[in-house]
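>>> Take this sequence and fold it.
(2 chains)
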There are 2 protein chains.
Amino acid sequence: MLWSTSPACTELETHVLDWLVEALALPEKFKSSTAGGGVIQDTASSAALCALLAARERISQFAINRDGVNHRYTAYASTQAHSSIEKAMMIAGLGRENLRLIEAPAVRGFALDPAALERAIIADRVAGATPLFVCATVGTTSSNAIDPLRAIGDICARHKLWLHVDAAMSGTAALCPEFRFIQDDLEFADSYSFNPHKWMFTNFDCDCFYVADRAALIKTLSVLPEYLKNKATDSGAVFDYRDWQIPLGRRFRALKLWFVIRHYGIEGLQFHIREHVKLAREFAGWVKSDDRFELAVDPPLNLVCFRRRGGDEINQRLLERLNASGKLFLTHTRLDEKFTLRMSIGQTHTRREHVQRAWELIGALA
Amino acid sequence: MLWSTSPACTELETHVLDWLVEALALPEKFKSSTAGGGVIQDTASSAALCALLAARERISQFAINRDGVNHRYTAYASTQAHSSIEKAMMIAGLGRENLRLIEAPAVRGFALDPAALERAIIADRVAGATPLFVCATVGTTSSNAIDPLRAIGDICARHKLWLHVDAAMSGTAALCPEFRFIQDDLEFADSYSFNPHKWMFTNFDCDCFYVADRAALIKTLSVLPEYLKNKATDSGAVFDYRDWQIPLGRRFRALKLWFVIRHYGIEGLQFHIREHVKLAREFAGWVKSDDRFELAVDPPLNLVCFRRRGGDEINQRLLERLNASGKLFLTHTRLDEKFTLRMSIGQTHTRREHVQRAWELIGALA
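Residues are numbered from 1 along each chain as shown, chains lettered A, B, ... in the order given. Okay, the predicted model is just below:
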């Protein structure tokens, strides 16, 4: 899938991803008119893998691509980061044992502790490893915790580590100025991804992946056999998106994203995001005011983590009965070692009455 | 994307991939009722990467997943194999310099030379590397050459290497019994992939990837955080396809494949495949009977590689003028060092009149 395979497919994608930089007020360095740019990936897992590979090659001066891994490189994420970071470490041949899971204690709302991060980096360097990559999460899967980007970015800059920011679900909230606190200091990031297929009403799959230095990414993933050589590529004036991703072929996913933006408009999208956050806060209020329940953490956006008082077993049974009802589907996590239920509000047709009925059923089965 | 996320999505995919084992007369060991099974990937590139990762872990007893690559592992494919194998070596941290591109001389119709393969394996072992993986191609991108599976499989068995067979476009031909010679001795393969999105009238993306030992693949790609734990997974009785691929999420691609099979029926698919092969042979006949042109190789199926006599420059100019016409689109390759035009016949609505008009235009512009 070269530019020349379908110029429209590539050019529209570049435009739509540039529009989103503006709509979300992302750093200018992620725009295609700079040294950076955006591309649609299938999922945040693939985006994280591409970021890790680019980091791996940048630090090894592209020697790993040539000769393979022959040294210990370490990466860092919080204990609450997505499992895709561990999977990426395995795929990239760096080893899951070289991923350090940094404390994200309850007192910090399950966000990464920057001091612990820096201690781990220094310890690894002293032990002879080469620290490589940090993944900060803006809205963890588990509890929607928001890692402190300024403190983490500052550490990455001082120690010369690649900073990837994973905002899979929560990134969409930045459409609303009042929620842009989640990406304060994103200027520190080398790469960033969020999933319109999670909370921006776009059909799966659609992950928007941005890099500040596209040359590092492209050089990492480029292979050019004879049957893919062409004048447009030779000119250096076009993007060949196959060099921005794992597979060679690709779909015309920018279309659906464009149509979502056209259909709702930015104001329409903002309206629904605000509704979802309002509903989540209302739901959290109901949890708080019912003595049988407790909130695991104050919900920053649209994910409410809560539990029935009385221990893990009662919550596990409650989860099973709720899901068996066929009326709603919750998943669980562990926060502070405790089995915790997760209520996420972000689907296209979710209205207040649905959330209210969910809470009624939770109360009845509790 | 667990089984429990959408049981129908997983179960239908397993069924459709089992049906295709029967329709294509693939080895029984690729069926889900054995130790193997199939899964839909986005592209043959991702399938090759998954196969390489499974091979890497099987030979290292899963130590690479744990600690990272710390030894030299070598892989093998012909000089005509797809660029995705080189890309997979880079991504997996094994290094493109450890991919041996084995001769595929013109006298063998650009198919891999098994004796040269075995020499390379032995030389690498003597040099202290660990030979790991062979990719044989059934229908190379460049010229549709078909690597000799029996001889290669025999070498892989003796040297204990993982054999992956890439049949991206040509695999579909096996719907017709008379074309099953392309997969003779596929019993030797550890994994196999072909793309219904190339020649089976299925919209991109849809690659069918089969493994003989699904446990090796799953163990290679599995990570299980708390929020993905569930009873169905614990039971071991279901497939969680996220452990068969790079990303976590996935689409319901089995539906479109099922609908293609329903719409055409196996006999309908066979009819179109036979038509395309017939048209390609007719086109090749026209090339042969025109003194200005020559065939680069006799087309085994639906790809015709040919050139204007008179050198590379004249062919390059011809390609540019043809593509600039907007009437047809050819790509090129190099065979025996010579610039060669590629005419592929395999699209849903391609009829004899289109092929005839293409040949008239080629003749006129030549």
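>>> What ranges does chain A have for its strands?
Applying DSSP state E to chain A gives strands spanning A:37-41, A:73-78, A:99-102, A:130-137, A:162-166, A:191-194, A:207-211, A:293-295, A:303-308, A:331-335, A:338-344.
>>> Between these, which one is closest to chain B.
When the strands of chain A are compared by CB to the nearest CB, strand A:331-335 sits nearest chain B, at 4.6 Å. C-beta here means a position set from N, CA and C on the backbone, and glycine is covered the same way.
>>> Sheet partners, orientation included, of that closest one?
Using DSSP bridges, the strands paired with strand A:331-335 are strand A:338-344 (antiparallel).
>>> Just tell me which of the strands of chain A ends up closest to residue B:363.
strand A:37-41 (41.0 Å; CB to CB).
>>> just to revisit the earlier point, out of the strands of chain A, which is closest to residue B:177?
Of these, nearest to residue B:177 by CB to CB is strand A:37-41, at 40.5 Å.
>>> Between the two ends of stretch A:212-228, how far is it?
26 Å (CA to CA, to the nearest Å).
>>> Please list all residues in contact with the residue lying closest to residue A:189 once chain neighbours are set aside.
Distance criterion CB to CB, 6 or more residues apart in numbering or on different chains; nearest residue to residue A:189, sequence neighbours excluded, is residue A:165 at 4.5 Å. Counting by CB atoms under 8 Å, 6 or more residues apart in numbering or on different chains, residue A:165 touches A:135-138, A:149, A:183, A:186, A:189, A:191-193.
>>> for the closest residue in space to residue A:118 that isn't next to it in sequence, what are its contacts?
With sequence-adjacent residues excluded and distances taken as CB to CB, 6+ apart, residue A:118 is closest to residue A:155, at 5.1 Å. Listed by CB under 8 Å, 6+ apart, the contact set of residue A:155 reads A:114, A:117-118, A:121, A:134, A:161.
>>> wait, isn't residue A:316 in contact with residue A:338?
No. Between residue A:316 and residue A:338 there is no contact under CB atoms under 8 Å: 11.2 Å.
>>> list the buried ones in stretch A:145-157?
A:145-149, A:151-156 (16 or more other CB atoms under 10 Å in any protein chain shown).
>>> picking up where we left off before, what subset of the contacts of residue A:155 is buried?
Burial by neighbour count, 16+ other CB under 10 Å: within those this picks out A:114, A:117-118, A:121, A:134, A:161.
>>> quick one, what contacts the residue of the stretch 51-200 of chain A found nearest chain B?
Here the stretch 51-200 of chain A gets closest to chain B at one residue, residue A:93, 2.1 Å apart by CB to the nearest CB. Going by CB under 8 Å, 6+ apart, residue A:93 touches A:68-69, B:56, B:64, B:68-69, B:92-94.
>>> Turn those residues into CSV, including pLDDT and distance to residue B:25.
Shown next, in CSV, are these (pLDDT from 0 to 100; distance: CB to CB, whole Å):
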residue, pLDDT, distance to residue B:25
A:68, 97, 38
A:69, 97, 40
B:56, 97, 30
B:64, 97, 35
B:68, 97, 41
B:69, 97, 38
B:92, 98, 31
B:93, 98, 37
B:94, 98, 33
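>>> List only buried entries from these.
A:68-69, B:56, B:64, B:68-69, B:92-94.
>>> which among these gets closest to residue B:237?
Closest to residue B:237, out of all of the buried ones among the contacts of residue A:93 and judged by CB to CB, is residue B:56, at 28.0 Å.
>>> Now the longest helix along chain A: buried residues?
If you go by DSSP state H, chain A has its longest helix at helix A:254-288. The neighbour-count check on helix A:254-288 (16+ other CB under 10 Å) flags A:254, A:256-258, A:260-261, A:264, A:269-270, A:272-273, A:276-277, A:279-281, A:283-284, A:286-287 as buried.
>>> Could I get the contacts of residue A:165 in TSV, plus columns for pLDDT and distance to residue B:361?
Converted to TSV, the contacts of residue A:165 look like this (pLDDT from 0 to 100; distance: CB to CB, whole Å):
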residue	pLDDT	distance to residue B:361
A:135	98	53
A:136	98	56
A:137	98	55
A:138	97	54
A:149	97	57
A:183	95	53
A:186	97	52
A:189	98	51
A:191	98	46
A:192	98	47
A:193	98	45
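>>> Of these, grab the buried ones for ChimeraX.
Typed into ChimeraX, the next command selects the buried ones out of the contacts of residue A:165 (criterion: 16+ other CB under 10 Å):
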select /A:135,136,137,138,149,183,186,189,191,192,193
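>>> Tell me the one of the contacts of residue A:165 nearest residue A:307?
Compare each of the contacts of residue A:165 with residue A:307 using CB to CB and the shortest gap goes to residue A:137, at 21.9 Å.
>>> didn't the closest one look like it was pressed against residue A:83?
No. Applying CB under 8 Å, one finds residue A:137 not in contact with residue A:83, separated by 11.8 Å.
>>> For residue B:1, see how far away the residue nearest to residue A:118 is.
34 Å (CB to CB, to the nearest Å).
>>> Also residue A:189?
Taking CB to CB, one finds residue A:189 at 27 Å from residue B:1.
>>> same check, this time on residue A:179
On the measure of CB to CB, residue A:179 and residue B:1 end up 28 Å apart.
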